[in-house]
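*Asks:* Here's a sequence, model it:
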Amino acid sequence: MEPQKEYVVLPGTLQLTEDEKSQVIDRILKATNPNIRSVVVHFSHRKDERTYKFVPTMDQTAIHFSEDGNSIKRESEEAKKQFEERDRRARELALAEEAERKPELVEQGVSTKILKNQFNFCDRASQTFNNPMRDRAIMTEPPPIITFSSTATQWEIYDAYVEDMKNQQAAASKQRGAKKEEDKKKDVQQSIDSSEDILNSPSMLSSLKRMERMVNQNTFNDITDDYKYWEDAADLYKDDGGTLLPLWKFTSDKVKKKTVTSICWNTRYHDLFAVGYGSYDFLKRGPGMIHCFTLKNPSFPEFTFSTESGVMCLDFHPQHPSLLACGLYDGTVMVFDVRQKSNKPIYQSTVKTGKHTDPVWQVYWQKEDVPKNLTFFSISSDGRVTNWTLSKTELQYTNVIELKLTDEKDGKADPADPDAALAGLSGGSCFDFNKFQDSIFIVGTEEGKIRKCSKAYNSQYLETYEGHYMSVYSVQWNKFHPNVFLSASADWTVKLWEQNTRKPLMSFDLGSSVGEAAWAPYSSTVFAAVTADGKVHVYDLNENKHEPMCDQLVVRKAKLTRICFNPKDPIILVGDDRGTVLSLKLSPNLRKMTKLEEGKTRQDIEIEKLNKIIDVTRKDRELMEK
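*Replies:* Take a look at the predicted model:
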């Protein structure tokens, strides 16, 4: 029998006749949406408009049906993975059920945990009422303002002082009457003084300093973030270059027309540094200034000291960070204690105590020796290298060596220049002591020669290095290698030397007068120099022996005079002849460090790296000479 078909009509269904069902109805789809008005305007609530504005375009799209599907083809990779996962779960479930029936399978390590239906869950939601917002406003009356003005003459001030003196004398006579009343009055007076001097108390000064630092940190928030987190992303795509990011500028109104002659970081507090201000234009002599800035407050110096003559050099003591030695243009050396509030130095050289007769170009603190004597060295254009000892009342001096123009070795003078002995002493411009042999130091002279000297021999030089043709502005031993040092001169060159070779190993022409060159504290092959055209040159001999890794213009219409690396952070400071110190951050390519190896220290790795460069340079020189 054939099954019978019975059509069921659902209630509410539209009933159509056969003619209506066979009727064809044409529908035309247009690009315009009939539910949107032809002319649409809206009201603009802006203060300067407050009017109805015409909307030229409206969205004409009308979606009639939309459904997201989750079907995939059986032959696709995703379908195969789902089938495999389903089969694996079925096998595990069957094996777990069998393990429940057979205990021996459990002993073999088969799990009896049967997976439950992971879709057996339900969602629950609840809705809470939002409490209405409440605004409160309070209006206060401003305090009354009274304007008071008066004039004072000289005799009125004198009469007031006389009357005040009489009152003080009368009060003093009354206080002599009874000791008990005197003690009570003293207690009351002390309480009054303490309440009146709260604005000048040390605690108030400390609080104001902290508040000032917080305000400056908020003001220079973007620079602070760059100082902490900035890393140049371009260094990842280049190996032969880097950049310097300018950070804070340190200056003040008192030193705008002065030249930055010295920059020195504090040995304990790595955010504190001292700046000396003077002048290299010797026709414009004037007073000097010392500012101690901190990276936490770039807007104003922490400490300020003024001198009668221009400041030429500075140096912090390595063990006592509060002691600051400085040399002046008139030949005076001073020692300041930054903890004291007074502007006067605690020690100062005079004519009686061996004061220099020419400008002092550099000072250098010696590490504290066994007898606990604080000593430092100074070099001047008068041809003397002097050792100064801090006694109880004054500075005591001892001449370490006098820089003669003749090269004396084994007691014989140089016959090439017989008239040099009549010219006097050679002018010293810079010096530096070896970090590994405290008795050995090198001296740069105004004639362009570099002398190697010793504290034990004050009558002759150990060695003379010739290569510069103008005054040597700075010399500095390498911080890792005991035999390598660097020199910078006004002849536009920076030269690399080894103390056992009289000729320079390398020479770098920077195209302008070099103010100073300094080694980096983190690598034996990285050094930087500043030039009179406003550029900072950063070299890494391990990456490129001939070209700088960075050659960047940092100031315009000014000459750079000094540069100094921060001993801890990747920051350098540069000073110019307009009294401004600019802080710069090194990009990652400019501060690469060699990875440590097992059984080797950082110093061994840095010495080995620099020795390889020296050996290659010597071989190249021998090939060129052949």
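
*Asks:* mind listing the helices for the stretch 151-300 of the chain?
*Replies:* 154-175, 179-196, 202-219, 221-229 (DSSP state H, counting those that start in this stretch).

*Asks:* and the gap between residue 267 and residue 292?
*Replies:* Distance, residue 267 to residue 292, by Cβ to Cβ, to the nearest Å: 13 Å. Heads up, the C-betas are built off the backbone N, CA and C, glycines and all.

*Asks:* which of the helices of the stretch 151-300 of the chain has the lowest average pLDDT?
*Replies:* The weakest mean pLDDT among the helices of the stretch 151-300 of the chain belongs to helix 179-196, with a mean of 60.

*Asks:* Redo the helices of the stretch 151-300 of the chain as CSV? Include mean neighbour count.
*Replies:* Listed next are the helices of the stretch 151-300 of the chain as CSV, based on neighbours: other Cβ atoms under 10 Å:
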stretch, mean neighbour count
helix 154-175, 10
helix 179-196, 10
helix 202-219, 12
helix 221-229, 13
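
*Asks:* one step back: looking only at neighbour counts, state which of residue 267 and residue 292 leads.
*Replies:* Legend: neighbour count by other Cβ atoms under 10 Å for residue 267 and residue 292, higher for residue 292 (20 against 16).

*Asks:* Bridge partners for the more buried one, pull those for me.
*Replies:* Taking DSSP bridges as the rule, residue 292 bridges to residue 274, residue 303.

*Asks:* can I assume it is in contact with residue 272?
*Replies:* Yes. Between residue 292 and residue 272 there is a contact under Cβ atoms under 8 Å: 6.4 Å.

*Asks:* ok, how many other residues are close to residue 465?
*Replies:* Residues near residue 465, counting by other Cβ under 10 Å, number 24.

*Asks:* typo on my end, residue 284
*Replies:* When neighbours are counted by other Cβ under 10 Å, residue 284 registers 11.

*Asks:* Now do the same for residue 557: its pLDDT.
*Replies:* So, for residue 557, pLDDT stands at 84.

*Asks:* Which residue, neighbours along the chain excluded, lies closest to it?
*Replies:* Nearest residue to residue 557, sequence neighbours excluded (Cβ to Cβ, 6 or more residues apart in numbering): residue 534, at 7.8 Å.

*Asks:* shouldn't that neighbour be in contact with residue 576?
*Replies:* Yes. Here residue 534 lies in contact with residue 576, judged by Cβ under 8 Å, at a distance of 7.5 Å.

*Asks:* which neighbours do these two share?
*Replies:* Contact with both residue 534 and residue 576 is made by residues 555, 558-560, according to Cβ atoms under 8 Å, 6 or more residues apart in numbering.

*Asks:* What I need now is those residues written out in JSON lines, including secondary structure and distance to residue 397 for each item.
*Replies:* Shown next, in JSON lines, are the shared contacts of residue 534 and residue 576 (DSSP: H, G, I helix; E, B strand; the rest coil; distance: Cβ to Cβ, whole Å):
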{"residue": "555", "secondary structure": "coil", "distance to residue 397": "38"}
{"residue": "558", "secondary structure": "coil", "distance to residue 397": "37"}
{"residue": "559", "secondary structure": "coil", "distance to residue 397": "34"}
{"residue": "560", "secondary structure": "strand", "distance to residue 397": "33"}
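
*Asks:* out of those residues, what pair is the most spread apart?
*Replies:* Farthest-apart pair in these is 555 and 559; separation 8.2 Å (Cβ to Cβ).

*Asks:* where's the residue nearest to residue 557 relative to residue 556, distance?
*Replies:* Look at residue 534 and residue 556: by Cβ to Cβ, they are 6 Å apart.

*Asks:* Does residue 551 fall in a helix, a strand, or a coil region?
*Replies:* Using DSSP: H, G, I helix; E, B strand; the rest coil, the structure places residue 551 in strand.

*Asks:* could you measure it against residue 215, distance?
*Replies:* From residue 551 to residue 215 the distance is 37 Å (Cβ to Cβ).
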